[in-house]
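S.K.: Dropping the sequence and predicted coords here.
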Amino acid sequence: MSPNRHPELQQPKLYSPLKRQYVLEMLWKVILLLMLALPTLALDNGLMRTPPMGWMSWERFRCNTDCRNDPKNCISEALFVDMADRLVEDGWLKLGYKYLIIDDCWSFMSRDNKGRLMPDPIRFPNGIHKLAHYAHDRELKLGIHANMGKQTCAGYPGTMLDQIQTDAQTFADWEVDMLKFDGCYSNANEQQKGFPLMSKALNATGRPIAYSCSWPAYRGGLPPSVNYSFLGEICNLWRNYDDIEDSWESVMRIVDWFFQNQDDLQSVSGPGHWNDPDTLIIGNFGLNLEQSQAQMALWAIMAAPLIMSNDLRTLTGEARNILQNKAVIAINQDPLGIQGRRILQDEGRIEVFWRPLSKSASALVFLSRRTDMPYRYHSTLSLLNYTSSSYTAYDVFKDETVSLPSVNTHFTVTINPSGVVMWYVYPDKSLEQTKETGGHPNFQRKHAHRLSAASRTQLGPNSALNLSTFI
């Protein structure tokens, strides 16, 4: 808060500079306490009822600002215009990929004379507002990055506590649709105040702005250091863990962390408030075909945001087919919004993951941790805790069906090294909601509130699997 903008707060000239500073600091502390005492309103925005989908710059393009020597790949207006065009013209938007997200390194190295953030005038000559209009004209939504602290992770101007309201209003004035709020160069006390304050400030602008907060990633990601009940009241999604890198090892570190801690994380994720394991790196340099399918399948099982960070201009056909797989997207976007679990780790280095879905269906992923050769994995649905019924399994990558007349029917799946087989499993009798969901007997009791809501939901083409589309 600048006293020059509020003459009534200015102190008499007889006050020393030190006393003046003390009075203003005390006044700001009182304002913070009052703001924290206000009712939480952020999730009244009604946004992100299914995991968000889109494209983000960071993992693929990082902080490349050398537009003179690398104009096609630097963080600039031109890059985001290119990606907006690709999202629309190459069919991504029709599948649900609608967020175009600017990560770090977009701003000028100082604020303007009114204390507002401003974009780099050379790399973003028309400003963020004009870019937002470009996105909106194409039915996309624009996201932007800011940072709780003195500076961003890459050294650009950050957002201090007394700048939160200004920055929130600036983003609203620019007609931004999503804010990713990072936490570099801030301490625990500043984060404790700043992340909730930004939530309130965004809501106070009157513009629906989805709020992604990285707070948990800076506090270890787990209770009791992270209060996920409170977080679910102020944020639409949150980063829990480390940034993803362009490698299979990085993907597996993230997968291991999320599923080793699934008892703490599964219940806190759901419609309007999602765990975020970071971006999809499919189509870059670090994953082969099998590993790319594995990341897509496991992110769908986790009900994770499907935010790509790649170069949409140069994607191979294989990468595009994985990222545009309608069956996997439909599983990810299932309206129940329940995060899946790892249910088995086999001594043959095979792992099985399960996610309950609407209409008594479920998804299974069989992951091979092997590095030698394709592995033939034998099992039955009863061994995976399914109850008595007749099922059909649809292999979402092979576009094949498997009939399972009984939960005791033996089946075999062949899984390539570091690859997956992903099934959409549904009971043969009906796809309507029944007393069982996903085959697990304890599921209905644990998630009764979501089942009740789902039974009243009319499922759209991008929210639940329409089998006639795929089989």
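M.R.: Sure, I can see it.

S.K.: so residue 250 makes contact with residue 256?
M.R.: No. Counting by Cβ atoms under 8 Å, residue 250 does not reach residue 256; the two are 10.9 Å apart. (C-beta placed from N, C-alpha, C; glycine too.)

S.K.: All the helices of the stretch 301-450 of the chain, residue numbers only.
M.R.: For the stretch 301-450 of the chain, applying DSSP state H, counting those that start in this stretch gives helices covering 317-323, 326-332, 443-446, 448-455.

S.K.: Quick one: residues in contact with the first one.
M.R.: Right, helix 317-323. The contact list for helix 317-323 (Cβ atoms under 8 Å, 6 or more residues apart in numbering) reads 90, 280, 282-283, 289, 292-293, 296, 306, 308, 310, 315, 328.

S.K.: pretty sure residue 186 is in contact with residue 149, am I right?
M.R.: Yes. Taking contacts as Cβ under 8 Å, residue 186 lies within contact range of residue 149: 3.4 Å.

S.K.: just for this structure, where's the confidence low?
M.R.: Low-confidence segments of the chain (pLDDT under 70): 1-44, 430-471.

S.K.: Pull out the buried positions in stretch 95-112.
M.R.: 95-108, 111 (16 or more other Cβ atoms under 10 Å).

S.K.: Show me the residues you listed that map onto strands.
M.R.: Among those, DSSP state E puts 99, 100, 101 in strands.

S.K.: Would you mind naming the residues that bridge with the last one?
M.R.: Applying DSSP bridges to residue 101 yields these beta-bridge partners: residue 56, residue 143.

S.K.: TSV for the ones in strands among the buried residues of stretch 95-112, including distance to residue 175?
M.R.: Converted to TSV, those look like this (distance: Cβ to Cβ, whole Å):
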residue	distance to residue 175
99	14
100	13
101	15
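
S.K.: Report the contact partners of the closest residue to residue 415 other than its chain neighbours.
M.R.: Among residues not flanking residue 415 along the chain, residue 368 sits closest, at 4.0 Å (Cβ to Cβ, 6 or more residues apart in numbering). For residue 368, the contacting residues are 349, 350, 375, 377, 415, 416, 417, 418, 419, 420, by Cβ under 8 Å, 6+ apart.

S.K.: Can I get whichever strand or helix holds residue 299 as CSV, trimmed to CA atoms?
M.R.: Assigning secondary structure by DSSP states H and E places residue 299 in helix 289-301. Output in CSV follows, covering the C-alpha atoms of helix 289-301 (Å, rounded to 0.1, in the frame of the first residue of the first chain):
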residue,chain,number,x,y,z
LEU,A,289,6.6,-44.2,-27.3
GLU,A,290,5.9,-46.6,-24.4
GLN,A,291,6.9,-44.1,-21.8
SER,A,292,4.7,-41.5,-23.4
GLN,A,293,1.7,-43.7,-23.2
ALA,A,294,2.6,-44.5,-19.6
GLN,A,295,2.7,-40.8,-18.6
MET,A,296,-0.7,-40.1,-20.3
ALA,A,297,-2.3,-43.2,-18.7
LEU,A,298,-1.0,-42.5,-15.2
TRP,A,299,-2.0,-38.8,-15.3
ALA,A,300,-5.5,-40.0,-16.3
ILE,A,301,-5.5,-42.4,-13.3
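
S.K.: which of residue 250 and residue 256 has more neighbours?
M.R.: residue 250 (18 against 12; other Cβ atoms under 10 Å).

S.K.: show me what contacts that one?
M.R.: Counting by Cβ under 8 Å, 6+ apart, residue 250 has contacts 244, 286.

S.K.: three-state assignment of it?
M.R.: Here residue 250 is helix, with the state taken from DSSP: H, G, I helix; E, B strand; the rest coil.

S.K.: so how far is residue 286 from it?
M.R.: According to Cβ to Cβ, to the nearest Å, residue 250 stands 8 Å off from residue 286.

S.K.: Could you do residue 55 as well?
M.R.: According to Cβ to Cβ, residue 55 stands 18 Å off from residue 286.

S.K.: So for the two, which sits in the more crowded spot?
M.R.: residue 55 (27 against 17).

S.K.: thought the more buried one was touching residue 305?
M.R.: No. When contacts are counted by Cβ under 8 Å, residue 55 is not listed as touching residue 305 (11.3 Å).

S.K.: where do the contact lists of these two overlap?
M.R.: With Cβ under 8 Å, 6+ apart, residue 55 and residue 305 have no common neighbours.
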